[in-house]
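Visitor: When you get a sec, could you give me coordinates for this:
(2 chains)
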Amino acid sequence: MLEVNYLRKNKEIAIQSLTKRNFDAVSIINEIISLDDERKKNQKKIDDLLSNSNQINKEIGQFYKKGEVENAEDLKIKSINIKSEVNKLLDSQKSIEHTLTDLLLQVPNIPNKIVNKGQSEKDNVIIIEKGSVPDLPEDKKPHWELAKEYNLIDFELGNKITGSGFPVYIDLGAKLQRSLISYFLDKNIMSGYKEYLPPHLVNSDSGYGTGQLPKFEEDLYKVEMENNPLYLIPTAEVPITNLFRNTIIKDNLLPIKCTAYTPCFRREAGSYGKEVRGLNRLHQFDKVEIVEIHRQEDSAKALDNMVSHVASIIEELSLPYRIMKLCGGDLGFSSSLTYDFEVFSAGQERWLEVSSVSNFQDFQANRMKLRYKNIEGINKLCHTLNGSSLALPRIFAALLENNQKKDRIEIPKILRPYMGLDYITK
RNA sequence: GGAGAGAUGGCAGAGUGGUCGAAUGCACUGGUCUUGAAAACCAGCGUACAGCAAUGUACCGGGGGUUCGAAUCCCUCUCUCUCCGCCA
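Guide: Residues are numbered from 1 along each chain as shown, chains lettered A, B, ... in the order given. Purely as a prediction, here's the structure:
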């Protein structure tokens, strides 16, 4: 959520920048500002009336103390009149504020100045392309065939117990999954991230905090409770970032760097076909996430560091990859700048997105009132960032496909200590 | 699941209808003192909105109510603690 004051001061830049997302902000921003003017005017009236009535109430107290009941009675009537006037104003103030928040929640984050205009992922820009595609034989296979052949994943069993998009990992498949999780976490911890293991269900306040609610409720699995619903997390970003919701962090505790492994649950309604084959798109998948909280002036550099960090993980797995800078049209609602990582999965001959690293600036922080007290003692909104390090299924797929040999699948060196194996055989 | 107690500033903890945005202690920040530190003493020390400012307003877990006036009384929700039961 953007701040009204920001929009006031930077109206033209904001409108201009949002066109990069193909978002026409002219009328909504004007409406927001004029509504906020109205809000201020109304609040001023309310405050003045209340000030007046506070004064009167004090006098009533004095009169009672002195036993001058008559005088007190007169003032009571005055006070009641003021009160009814205040109540009227309060009602309209509530509806103004409600509308204002509604409008603000509809405006996406301002794209960073280095983000280019674009319609869709086709307009994303390749920043880096690295690593070599393995030389595979003619009869190379996609991962869903390899997974079956080597008995690593049973997709049908998942169908039976839950539904499509819920694979069952078996034996060395399960162990490979666990090895990847451990390796990713260890790697992150070595780089200064603190490990968390958060709940996998969150309340709606948390959903609002990171921006999944109210706009994207249909993407989430919802658990109805008697009073308040809970949501299965679509990413660890939600519980981890919300750990810091509604807090004021001391300057010397920044930056905060967290990592967490969690399963992620996504409805993915409307997805079908080749795109979702095998591990390509699931309703439940494992992911290790990194979340960082920074001073405003440090977040740009922090994003670069996160990108290098994620790149180094993929390189250690010896997977060919590329980094894409997302164009305005492909940018997530809350993000101001996002880099996507894609690995080349040679069996399918496809690029698969395995990580998305974003700087949200103060967009999430404003929603969740996450602030820090800077060295001058002034409270400022933090900048939040996060990224996958990494999403497992597509890494799993690429590892199988790229490392397939005639009669075995090779395990990358970095994972061998975790697996206790150099390769998987039938 | 049953019975009871409770939720106040960073923490601890007073406050049961007006003088309370809230005592006191600790923590923290600045100063005096000191070669330096500690101790002691002095001062400051919540958040948001409006305003150039003075200042005004709101907030004592959330929401609603009673009252001229609510941290304080009533209703409700959430959460925490203690005891009993159940349980990985």
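Visitor: can you give me the helices in chain A?
Guide: Secondary structure of chain A (DSSP state H): helices located at A:4-9, A:11-18, A:26-66, A:69-106, A:143-149, A:155-161, A:172-190, A:204-210, A:237-242, A:299-316, A:363-368, A:392-402, A:416-419.
Visitor: Compare those helices and say which comes out lowest on pLDDT.
Guide: For those, the weakest mean pLDDT is recorded on helix A:204-210, namely a mean of 87.
Visitor: Quick check: which of the helices of chain A is nearest to A:V288?
Guide: helix A:172-190 (4.0 Å; C-beta to C-beta). Just so you know, the C-beta spots here come from the backbone N, C-alpha and C atoms, and that holds for glycine as well.
Visitor: Out of the helices of chain A, the one nearest A:K380 is which?
Guide: The closest of those to A:K380 is helix A:363-368. By C-beta to C-beta, the value is 9.1 Å.
Visitor: tell me which residues in the closest one are buried?
Guide: Neighbour counts over helix A:363-368 (16 or more other C-beta atoms under 10 Å) mark A:363-368 as buried.
Visitor: and what of stretch A:257-267?
Guide: Buried residues in stretch A:257-267, counted by 16+ other C-beta under 10 Å: A:257-262, A:264-267.
Visitor: ok, of those, which one's closest to A:V343?
Guide: When those are ranked by distance to A:V343 (C-beta to C-beta), A:C264 comes first, at 18.1 Å.
Visitor: still on that earlier bit, among the helices of chain A, which is nearest A:E129?
Guide: When those are compared by C-beta to C-beta, helix A:299-316 sits nearest A:E129, at 11.5 Å.
Visitor: Packing partners of that closest one?
Guide: Counting contacts by 3 or more C-beta pairs under 8 Å, 6 or more residues apart in numbering; DSSP states H and E, helix A:299-316 is packed against strand A:125-130, helix A:172-190, strand A:284-294, strand A:321-325, strand A:337-345, strand A:350-361, strand A:383-391.
Visitor: Using TSV, lay out these together with mean neighbour count.
Guide: As requested, those are exported to TSV (neighbours: other C-beta atoms under 10 Å):
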stretch	mean neighbour count
strand A:125-130	12
helix A:172-190	18
strand A:284-294	24
strand A:321-325	20
strand A:337-345	24
strand A:350-361	23
strand A:383-391	26
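Visitor: Output these in JSON lines; the columns should cover distance to A:D102.
Guide: Converted to JSON lines, the helices and strands packed on helix A:299-316 look like this (distance: least, C-beta to C-beta, whole Å):
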{"stretch": "strand A:125-130", "distance to A:D102": "34"}
{"stretch": "helix A:172-190", "distance to A:D102": "38"}
{"stretch": "strand A:284-294", "distance to A:D102": "27"}
{"stretch": "strand A:321-325", "distance to A:D102": "32"}
{"stretch": "strand A:337-345", "distance to A:D102": "26"}
{"stretch": "strand A:350-361", "distance to A:D102": "21"}
{"stretch": "strand A:383-391", "distance to A:D102": "23"}
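Visitor: With distance to RNA strand B added, can I get these in a markdown table?
Guide: Formatted as a markdown table, those follow (distance: least, C-beta to the nearest atom of the strand, whole Å):
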| stretch | distance to RNA strand B |
| --- | --- |
| strand A:125-130 | 37 |
| helix A:172-190 | 20 |
| strand A:284-294 | 17 |
| strand A:321-325 | 33 |
| strand A:337-345 | 25 |
| strand A:350-361 | 17 |
| strand A:383-391 | 16 |
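Visitor: Nearest to A:P108, out of these?
Guide: If we rank these by C-beta to C-beta, the stretch that ends up nearest is strand A:350-361, at 11.1 Å.
Visitor: Give me the sheet partners of that closest one and which way each runs.
Guide: According to DSSP bridges, strand A:350-361 forms sheet pairs with strand A:337-345 (antiparallel), strand A:383-391 (antiparallel).
Visitor: What count of nearby residues applies to the closest residue in space to A:T425 that isn't next to it in sequence?
Guide: Closest residue in space to A:T425, ignoring its immediate chain neighbours: A:R408 at 4.7 Å, by C-beta to C-beta, 6 or more residues apart in numbering. If you count neighbours by other C-beta atoms under 10 Å, A:R408 ends up with 14.
Visitor: A:R408 contacts A:I424, doesn't it?
Guide: Yes. Using C-beta atoms under 8 Å, A:R408 is in contact with A:I424, at 6.2 Å.
Visitor: For RNA strand B, what's its nearest residue on the stretch 301-426 of chain A.
Guide: Per C-beta to the nearest atom of the strand, A:N379 is where the stretch 301-426 of chain A lies closest to RNA strand B, at 4.0 Å.
Visitor: Who are the contact partners of that residue?
Guide: For A:N379, the contacting residues are A:248, A:371-373, by C-beta atoms under 8 Å, 6 or more residues apart in numbering.
Visitor: list the contacts for the residue lying closest to A:I414 once chain neighbours are set aside?
Guide: The shortest distance from A:I414 to any non-neighbouring residue, by C-beta to C-beta, 6+ apart, is to A:E316 (4.6 Å). Applying C-beta under 8 Å, 6+ apart, we find A:E316 in contact with A:187, A:412, A:414.
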